[in-house]
Every structure is written in structure tokens, then in C-alpha cells.
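sharing a model that was predicted from the sequence below.
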There are 2 protein chains.
Amino acid sequence: MVRSQQRRTPLHHPDVEEIDLLDVLHALADPTRMTIVQTLWAEPERACGTFPVDVAPSTLSHHFKVLRESGVIRQRGEANRRLNELRRDELQARFPGVLDAILAAAGPIEPGPVEPDPVKAG
Amino acid sequence: MVRSQQRRTPLHHPDVEEIDLLDVLHALADPTRMTIVQTLWAEPERACGTFPVDVAPSTLSHHFKVLRESGVIRQRGEANRRLNELRRDELQARFPGVLDAILAAAGPIEPGPVEPDPVKAG
DNA sequence: ACGGCTATTCGATGAATGTCGAACATCGCT
DNA sequence: AGCGATGTTCGACATTCATCGAATAGCCGT
């Protein structure tokens, strides 16, 4: 079966209609979280540990929680990993143009503290 | 002369190029400040005390400072009043579509705690 | 079953933030 | 000059928040 789809917490995601604009803005108004979103903007899916940010795992987990509970990203458990994806279409439906404009304004991933290329890393 | 154009503080406004996207998002991620911006979105200019928000004058002053220093609004001293205006064109030039999309998503002024129409209030 | 990897949870901590009241400053009017 | 209206500044206070380290939980190889 698909037992490897969930860890243990139900991982609450707000419904599209429940997504609050101010929560989204607050979620995006942080350097670490913006980097995460920018990365997901360029790539559809990514595991938690593969983002070009330089914070402790517990801090990273906190940021993912903020992004998830604000409705910006969707997380699903894949084995011992956790795959994150942007809720682009849903956000576009709820707040047309907002995410696009913000991400366009943010530009491509800024030269962060960690290499965003884990392919040949090691 | 135009002595009535300034109170005493130079009222620092960031240059267009200096405006930071995360600062703008953070400024907008507050109910009181969003209400202020929504109000200015509908009306070009307005004095500080005429906004449909229910906070102490000192708190209001704080919020205007946040909005001004983030580059969202421009304040100029007119007599003993202080006129506030949205930096629409400048923000549009710096972050195209961002303010428009956010304000469109925020919709018209939500029924706040204070009547925006004191004329027939009663 | 054991160990390693990935990610979460918990508790603590220091910084930032929203809020207020009181005092002050500036302006216009009398 | 004095007064009232409009905002700002300051100090205080409670809350939120970003951050970390240590402990925990789940999964996959061996």
C-alpha cells in the first residue's frame, strides 16, 4: 500500500478558500522563506534538506510549517523525505497575479550561502 | 515661503531603487497597515487621522512610519496635518504588478471597526 | 534488529513588533 | 499669547518570531 505517503502527523493544509492574504504576505516576508519559494518556483518539487539556505534543521522545519499553514506550499511525505511544492494554481485562483508578480519581482534565486546544485555536490 | 511644508524631521523616504521587496511585503502583512493602504488605493491623499482604523494615535504614527520607511507611502507635511499618498507609480516601476495584484486580491476596504463614512453614520 | 538519514518537536533565548498612555511639538485660530 | 487640533516621540509591556541544540520519530539499507 501507500503507507510511505505519510509520516504520522496529518499535515494540515488550509483549503484554498481559507488562505488569508496577509498570512501569505507574512510568510513571504522572510529571507529564508522567500529563498525556499524562489527555489520551488524554478523547480516543481524538492525535499526539505535540498534548499540553498543556511539554517539549522529545526529552523528549516519551522519555516516549512509557516509556509504550509499559510497555504503557500504543499507538503507530502515521500518515504523518509518530505516533498514540497508550490501551490501555484491554487494561489493563482485565489489571488490572481499575486504570487507571479512577487516572484517576478524577487527575481531568480539570489546567490545564497549554499550551492543550489546538489547533483554533483560530493 | 513654504514653511508649512515641513514640521521638523526630514521624514526620510527610501529612494525607489532602495525599496526592498521583503520590506514592502512585511509592511503590507498587517491588518491595520493593509487597511491604510487599501484606503489610499481608493483615494489619492488622506491625512493620518482620517483612516478607518481603531488604534491609538501613537500606534497609528508607528504604522505610518513603517509604511513610509518601507517605501509604500509618501508623507508630506501640510500645515499641522500630514498628507499620505501611495507611491503607486514608483512601486510599479520597481516591482511591476506587485502592488496592483495585492490590492486587487485584498479587495475593497473590508468592513472595519470604524465607519469610513461618518456623514450618514447614525 | 541495528544504524544512518531525514525531518519534526520541544524548550530556551534574544530580537522584533504591536500596542498603549503620557508628554511634547507644530500649526492655525482667536 | 493662549488654546485646541493633529501627529510624533518616548518608555513600558506583552506577544510574536527566528533561531538554536537536544531529543524524538519514521524510513531504508545492511
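That came through fine. Numbers count the residues shown, from 1 in each chain, chains lettered A, B, ... in the order given.

and the lowest-mean-pLDDT helix or strand in chain A, how far out from the chain's middle?
When the helices and strands of chain A are scored by mean pLDDT, DSSP states H and E, strand A:73-78 comes last with a mean of 91. Relative to the chain's own centre, strand A:73-78 is displaced by 9 Å; criterion: CA atoms, centre = their mean, to the nearest Å.

in stretch A:28-37, which residues are buried?
In terms of neighbour count (16 or more other CB atoms under 10 Å in any protein chain shown), stretch A:28-37 has its buried residues at A:28-30, A:32-37. Yep, even glycine has a C-beta here, placed from its N, CA and C like the rest.

which stretches of chain A have low pLDDT?
Low-confidence segments of chain A, defined by pLDDT under 70: A:1-9, A:110-122.

what parts of it come near chain B?
Residues of chain A lying close to chain B (CB under 8 Å from any CB of the partner chain) are A:21-23, A:25-26, A:28-31, A:34, A:94-98, A:100-102, A:104-106.

out of those residues, list just those in helices.
A:21-23, A:25-26, A:28, A:31, A:34, A:94, A:98, A:100-102, A:104-106 (DSSP state H).

just give me the longest helix of chain A.
Chain A, longest helix under DSSP H: helix A:57-70.

rewinding a little: just the buried ones from the residues of chain A next to chain B?
A:21, A:23, A:25-26, A:28-30, A:34, A:94-95, A:97-98, A:100-102, A:105-106.

picking that back up, buried residues in the least confident helix or strand of chain A?
A:73-75.

got the angle between the helix or strand following it and helix A:57-70?
Later in the chain than strand A:73-78, the nearest helix or strand by DSSP states H and E is strand A:81-86. Angle between the axes of strand A:81-86 and helix A:57-70 is 40 degrees (criterion: axes from the mean of the first three to the mean of the last three CA atoms, to 10 degrees).

before we move on, back to that, which one of the ones in helices among the residues of chain A next to chain B is nearest to residue B:14?
Relative to residue B:14, the closest of those is residue A:105; by CB to CB it sits at 15.6 Å.

how many neighbours does the closest residue to residue A:36 other than its chain neighbours have?
Closest residue in space to residue A:36, ignoring its immediate chain neighbours: residue A:51 at 5.3 Å, by CB to CB, 6 or more residues apart in numbering or on different chains. For residue A:51, the neighbour count with other CB atoms under 10 Å in any protein chain shown is 25.
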